[in-house]
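Novice: Quick one: sequence and predicted model below, then my questions.
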Amino acid sequence: MKKFGYFALALSALFFSSCDDEDGFYNEKYIDVPNLVTVENQDVYLVGEFIYISADISRYQAEPGFATPLDLFETTSGATGFRFSYIVERETSAGVWQEVTVTAAQMLIDKGSVQASSYVLGTAQYDSSDESYEYRVGYPLTSAGNYRISFGVNSDAANLVELRSLTQGNNLFLNINSATTQLNPQGFYTFTVN
Amino acid sequence: MKKLLLCLLFSGMAFAQDSEGDTEGPVASRKNEIRIDALSLIAFGKANISYERFGSSKWSYGVTGSFAFGDKFEDDFDEGYRSTLPKYEVVPYIRYKMSNSDAHYYFVEGFISANGGDFREIVRVDDGATGFYKISKEEYFSVAPGASLGYKVYFAQRVALEFLVGAGFNLLDGDKSPDVISRIGLNLGYRF
């Protein structure tokens, strides 16, 4: 029994050894760049119009703590895009919000690409001519009411848009946390459609 | 399969009990042993070969050499799930037998692991006008003193089955080498 204790002690050491710094994701880099994604604001929205969400992200972004701008394209070994998500909800009764479902075909795609259902997966695509990642997509407003937009599916961040590079293979993935002042403290952009 | 292994283990222990009491029994008269680690071979893609020399007392000493050949750890390393890729290890060790039986016994072990491999990290490169991040790979080498506990049983006085659990702490290249070196084995050996 005493010797069994030695083995228990040794197994404890084994568990301890598994708690070293080997866990984690070493192909991921996180940076903060504010105001990369915007909701194009207008005073009045009418049924039949579209609300546009846009991004025009230069490949060169200032990075706090460094004298030189960060090259997003070089960092991601030529990622063709940065992806982010958002959800549009409509207030069906006082305080009750329901996700609005659309298809990509219903959206007006000016720049970038989308996949859409109960949420929108948008991709700001790289344009080599002006060296930036671009997105501008209109979301159809098909009925009157109060609406709200939140960024990030299953994200806890209230005032951020989280973008992730479409990196190929085993190259570096760049995650950008982009703070925005367009969202309320609960993380929503609210508007009314008449 | 599990039942078969258990039967082998218990029958071996029973056999070992029968041969206890011999002062210089057939097991003790054989002073050399070689082993391979089946666990590392199957689970970790690592070839692990040991030699052990037995003296007339309860002390023995030996050396273990291992090198990685499997793809799994290398794939994990390339895909960024681990920051180090251990490639080789040489482990001189000394053991003390904790019972009088030669046929089955617990032992304690002190070892020094000389180990090396590859290390990766994300670094920012600045060319004067712009900066970018990239994955940098370097080699590391370190030395880890450590200790282990084990249990060994002999079948037919020659065939050894050994369980080993231990750990050591790397002292060199601290920013690149793994903090902890584990020494875990399910060894099959032949004593001659």
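Specialist: Great, that's in hand. Residues are numbered from 1 along each chain as shown, chains lettered A, B, ... in the order given.

Novice: In chain A, which residue sits closest to chain B?
Specialist: residue A:27 (3.0 Å; CB to the nearest CB). Placement of C-beta: from N, CA and C, glycine included.

Novice: got a list of what that residue touches?
Specialist: Counting by CB atoms under 8 Å, 6 or more residues apart in numbering or on different chains, residue A:27 touches A:167, A:170-173, B:79-80, B:135.

Novice: Let's see which of these end up in strands.
Specialist: Among the contacts of residue A:27, the members falling in strands are A:173, B:135 (criterion: DSSP state E).

Novice: With respect to residue B:105, which of the contacts of residue A:27 is nearest?
Specialist: Nearest to residue B:105 among the contacts of residue A:27: residue B:79, at 42.8 Å, using CB to CB.

Novice: Tell me how many other residues crowd the closest residue to that closest one other than its chain neighbours.
Specialist: Computed as CB to CB, 6 or more residues apart in numbering or on different chains, the closest residue to residue B:79 that is not its neighbour in sequence is residue A:170, at 5.5 Å. Neighbour count for residue A:170, taken as other CB atoms under 10 Å in any protein chain shown: 14.

Novice: Same question for the one 5 residues further on.
Specialist: Other residues within reach of residue A:175, judged by other CB under 10 Å, total 14.

Novice: follow-up on the earlier one: buried ones only from the contacts of residue A:27, please, as a PyMOL command.
Specialist: A single PyMOL command selects the buried members of the contacts of residue A:27 (16 or more other CB atoms under 10 Å in any protein chain shown):
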select buried, (chain A and resi 167+171+172+173) or (chain B and resi 80+135)
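
Novice: Check chain B for the residue nearest chain A and tell me.
Specialist: At 3.0 Å from chain A, residue B:80 is the closest residue in chain B, using CB to the nearest CB.

Novice: mind listing what that residue touches?
Specialist: For residue B:80, the contact set (CB under 8 Å, 6+ apart) comprises A:25-28, A:170, B:120, B:135.

Novice: isn't residue A:124 right next to residue A:110, touching?
Specialist: No. Using CB atoms under 8 Å, residue A:124 is not in contact with residue A:110; the gap is 11.8 Å.

Novice: more crowded one of these two?
Specialist: For residue A:124 versus residue A:110, neighbours defined as other CB under 10 Å are more numerous around residue A:124 (26 against 13).
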